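1. pasting the structure only:
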Ligand SMILES: Cc1cc2nc3c(=O)[nH]c(=O)nc-3n(C[C@H](O)[C@H](O)[C@H](O)COP(=O)(O)OP(=O)(O)OC[C@H]3O[C@@H](n4cnc5c(N)ncnc54)[C@H](O)[C@@H]3O)c2cc1C
């Protein structure tokens, strides 16, 4: 036993012998297997673990439920897997204030169930959200189609408790919906991929549940036509709560996965001419929902429009979750999906129609079969490839030049491409995060303050942060 | 580098007309809308990002402080040059560079007045949502620095929710973009971190703002209550009911008296409190919202719930609210405004504590505030000519902030910390929390030259509280008349 290993035995003193384990295989991140899994029950324990790791110079990989561990580069090292699942309590919930404070290991599903009893919700629908820990969701800042109306976690998290590299715990923000006291540390933490500190607690702004809502799927002959329609609709006075556009492959996967619901007969599964869906959800009081659906129908007269499906009220949640789950490797979308690639493109929104057409052409030329889902107002386009794909590719090395060409094009449009899920072959031949931005030196400066020894998720984030 | 050398270099960079340095010329830049004042050595008027960069580099070489300033309407001393140095003013960088309606974006320079953005796109049916009551005067640069809010931020969010990207001259003179025209840019959210940093992390030289479609229908309702308690309970009930209006503002009796004395706006002067409520959206959705909100008010014993019948009546009601701070001049020589935020369910309790502070110190306190998000604005009325009152009013202010923190709230909702509430940060944050904030500040501003002595507590106050001075008449002037900030600073 190396000296460090002997000292790491102290982990048991912190959390109790029952909560330290060397059964680490399930905590392997892209081939990097930790030596210890520790499950603290309090922030004080998290703090003690990080300060021990800091003193011994061993690296720590924070863990929730692992649903987002595919995003980012493999950690350079990671001796300790820090599981936050025991920090799973809802600490404070006063419905009339529309705020809730939870520990980081609480799942989004558990939180929503509790909020539902007061007819409220956290208006947030990320891929694989229900079973994910809120700490992990904050760290990765992934989001779903309801970002159209409610924004991302950056708009919903109002306070965080974080333990930084040396074990110091601190609060940023406050438990009120409006606050400018000091620097906005919660915004810094959202999307920091566990590289500045371990999130232990967060307070969220909530919304009352929608009084009523209606979801309509409009079908188009082509995906770019559906994207163009979305762009045109979104500069009108309409205010949908959720918007997404799916291409033919995505529609097929969705149709299959939704076939158990009440309305499958109406779904155009297998009809190759129905190549794109524009999914819109309107919400609010009944009058405004009806009016907006009516108005949308009048506006939907663009070339390529085929027909519409009104989703029965009881099926709405399932439809939107399935759409949200498309860019998740374990998303239960389609019968036996095996994902080999997830790429996230972000663009100035008005470029999306052109880029959708371009991507479709490029994929066609390369014989790639991709599922695509767009969040049009945010300018986000996810591309999902199965492995092996329909053309029999394993989507490895052959994909890299394709991605690199795509990235060149997108960069020229002020956009970014992040490869959120990849094979080893692909990683060796392309850049997962893409180039760093002009402000990168400030990111390094922050990293050096919060985790000077670079022990938190080392090497996973953009530019080796 | 001595001071005359710095002057020569500044003049060479910006032309002599772009630099003020005589004591009588820089007088106007000694204060903002808050209590503190301090004399700048230079006031400069850059025209381009490159000008700003050159000034910042010069300040670094000369090792003197520098700080950005918008219209000087800030209410926490953020733009006051506490340690002297160069004040950078953006009156010559006040152009809207690009309107991109299909993309619902605009790119503007930092000196653009908040309301000018809305006016530029109003005819096409769009607006810029954040609407501070000072919006006819304050700049977008100041809004970004303070993360400003306004009455209509209840439903649609504050500045941070409506700014996508920033071009910034960092404290070392590097020019970078934080965020941009795309969302989810890989890396830390430096845009989000910068917004609300009060000019201590660098100087904004371009802003990408989001534009929003104007709602089809807006209804304004005035609910009149006998007591502030009833009005507070109505606020809690409205929020809890899930019918969240676009704006939900409260004024107590003293505030109503001041407003009506300065310009009659249609508020009954014998009311204990009023709620001013905007309901927006599609015409078909209004009746249901209106009837629920009316019911919530009536359930809490509203004397009347009145819907404005004409656009003029709406505007009159809102002009009373938007002019409320200035209206204090009609009933008091000076006012001192606090900006604490509390959970909305604690409104009645904290308003009672504010009344107790008023009793204890013998100051009248008017309340005009963003009730819907729990953002209080107690206006403590005092007389600036009496130094003892200045000291007492600062203490009374801190006591109110303590009450907000005790109720689980925060010390500032939109006006920022600046110099004024710097030491009050310790009411809300513990030592570790402040260390974390200091880490952020040091990462961006390691020399401390960029807007020194702001936001975070400093060990020893390097100025006298007694020297703080209220400049109410000038602030009001500034709000209406910006000619002194015109292109030729020597001309006025
Ligand atoms: C009558 C009145 C009513 C008000 N109502 C509201 C309200 O409803 N809501 C609200 O939120 N505020 C309100 N305020 C406060 C104030 O108007 C806002 O804080 C406003 O955003 C300040 O803008 P400014 O241009 O005047 O900035 P200044 O006061 O000049 O500066 C404020 C801060 O911004 C920094 N700054 C300025 N320009 C830049 C730049 N280009 N880059 C980086 N930092 C910069 C300064 O250094 C300073 O720290 C009110 C003020 C008054 C006097």
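-> Ah, there it is. From a predicted model like this one, the values you see are computed outputs, not experimental measurements. Residues are numbered from 1 along each chain as shown, chains lettered A, B, ... in the order given.

2. can you pull the contacts of the closest residue to residue B:212 other than its chain neighbours?
-> Nearest residue to residue B:212, sequence neighbours excluded (CB to CB, 6 or more residues apart in numbering or on different chains): residue B:129, at 5.2 Å. For glycine as for every other residue, the C-beta is placed from the backbone atoms N, C-alpha and C. By CB atoms under 8 Å, 6 or more residues apart in numbering or on different chains, residue B:129 lies in contact with B:152-153, B:156-157, B:161-162, B:210, B:212.

3. show me which positions of the longest helix along chain B end up buried.
-> If you go by DSSP state H, chain B has its longest helix at helix B:387-406. With burial defined by 16 or more other CB atoms under 10 Å in any protein chain shown, the residues of helix B:387-406 counted as buried are B:389-390, B:392-394, B:396-405.

4. go through the contacts of residue B:129 and flag which are in strands.
-> Within those, residues falling in strands by DSSP state E are B:210, B:212.

5. so what's the residue in chain A that the ligand sits nearest to up against?
-> Using CB to the nearest ligand atom, the closest approach of chain A to the ligand is made by residue A:180 at 8.2 Å. Residue A:180 makes contact with B:146-147, B:196, B:412-417 under the criterion CB under 8 Å, 6+ apart.

6. give me the subset of those touching chain A.
-> B:146-147, B:196, B:412-417 (CB under 8 Å from any CB of the partner chain).

7. which of these are buried?
-> B:146-147, B:196, B:412-417.

8. near the ligand too, which of the residues you listed?
-> Contacts with the ligand within these, as defined by CB under 6 Å from any ligand atom: B:146, B:414-415.

9. check contacts around the residue nearest the centre of chain A.
-> Nearest residue to the geometric centre of chain A (CA atoms, centre = their mean): residue A:142, 2.2 Å. Applying CB under 8 Å, 6+ apart, we find residue A:142 in contact with A:68, A:71, A:126-127.

10. mind redoing it with 6 Å?
-> residue A:126 (CB atoms under 6 Å, 6 or more residues apart in numbering or on different chains).

11. any idea how far it is from residue A:162?
-> Between residue A:142 and residue A:162 the computed distance is 19 Å (CB to CB, to the nearest Å).

12. next: residue A:99.
-> 18 Å.

13. from the ones next to chain A among the contacts of residue A:180, which ones fall inside helices?
-> Reading helices off the ones next to chain A among the contacts of residue A:180 with DSSP H, I get residue B:146.

14. arrange the ones next to chain A among the contacts of residue A:180 in a markdown table, one row each, with pLDDT as further columns.
-> Shown next, in a markdown table, are those (pLDDT from 0 to 100):
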| residue | pLDDT |
| --- | --- |
| B:146 | 98 |
| B:147 | 98 |
| B:196 | 98 |
| B:412 | 98 |
| B:413 | 97 |
| B:414 | 97 |
| B:415 | 97 |
| B:416 | 97 |
| B:417 | 97 |
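
15. against which helices or strands is the helix or strand bottoming out on mean pLDDT in chain A packed?
-> The helix or strand of chain A with the poorest confidence is helix A:3-8; it has a mean of 74 (mean pLDDT, DSSP states H and E). Other helices and strands packing on helix A:3-8, by 3 or more CB pairs under 6 Å, 6 or more residues apart in numbering or on different chains; DSSP states H and E, are absent; none qualifies.
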